[in-house]
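Trainee: Sequence first, predicted model second:
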Amino acid sequence: MTEKQVKKTKNKGGRPCKLTRRVQDRIVKALSVGCTQGIACKAAGIGARTYHRWITRGEEDIEAGNSSSDFAVFSRAVQRAEALFFERCAATISEASLDSWQAAAWMLERRLRDDYGKMPPPPKVDRLLEVGLVLFDVKEPMGQVETEHPNPVQVAGSGSRGQGSE
């Protein structure tokens with residue numbers, strides 16, 4: 001075989017990819033019931049880094065127009081499973097809000113945090129004074145401010161005015 005023929009030949013050796021239909025189904029099932037990605041990976045017997053590599057590769061394949069690759073199919077299945085879980089949760093909260101105002105308030109606090117979210121209480125006056133004392137510590141003398149220009153009183157030649165005894 002020539003060198004060109006070797007480069008064109010795909011490497012069929014090596015370890016087979018762990019992304020099988022069974023692993024994908026296990027991850028998708030775990031995510032669809034609300035498990036975190038880390039828990040879904042553990043349930044499927046893969047590492048989190050492997051999972052994230054597969055997702056990244058799937059997104060790259062989709063962008064490159066290869067939406068039928070195993071990684072692209074996996075990436076879309078994961079996104080769909082997570083979206084369906086969150087949709088079910090939102091529907092449950094929405095349904096509960098018909099009987100309980102707390103469910104509606106909870107949803108508003110999280111979806112519209114700037115308008116309805118719980119704001120931290122304003123700082124107490126004692127705390128503001130403490131911060132002010134730290135910023136303007138009277139124990140340490142203020143540093144002398146140096147300017148690039150001479151004292152305007154001295155420039156004007158007004159004698160001893162503006163000249164202190166140093």
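Mentor: That came through fine.

Trainee: Report pLDDT for G162.
Mentor: For G162, the model assigns a pLDDT of 50.

Trainee: again, but for the one 3 residues further on
Mentor: The predicted structure scores S165 at 48 on the pLDDT scale.

Trainee: my read: G34 touches C89, true?
Mentor: Yes. At 7.5 Å, G34 counts as touching C89 under the criterion of C-beta atoms under 8 Å. The C-beta positions use only the backbone N, C-alpha and C, and glycine is treated the same way.

Trainee: So for the two, which residue has more residues nearby?
Mentor: More neighbours surround G34 than the other of G34 and C89, with 14 against 11 (other C-beta atoms under 10 Å).

Trainee: List the contacts of the more buried one.
Mentor: Applying C-beta atoms under 8 Å, 6 or more residues apart in numbering, we find G34 in contact with 85, 89.

Trainee: try A40
Mentor: A40 neighbours (C-beta under 8 Å, 6+ apart): 26-27, 30-31, 51.

Trainee: Scan those residues and report the most crowded one.
Mentor: So for those (other C-beta under 10 Å), the most neighbours sit at I27, 26 neighbours.

Trainee: need the longest helix for the chain.
Mentor: Longest helix of the chain, by residue count under DSSP state H: helix 70-96.

Trainee: Please name every helix or strand in contact with it.
Mentor: helix 21-32, helix 48-63, helix 101-111 (3 or more C-beta pairs under 8 Å, 6 or more residues apart in numbering; DSSP states H and E).

Trainee: okay, P123: pLDDT?
Mentor: Reported pLDDT for P123: 66.

Trainee: gap between R57 and A44?
Mentor: 17 Å (C-beta to C-beta, to the nearest Å).

Trainee: who's more crowded, the two?
Mentor: The neighbour comparison of R57 against A44 (other C-beta under 10 Å) goes to A44, with 21 against 17.
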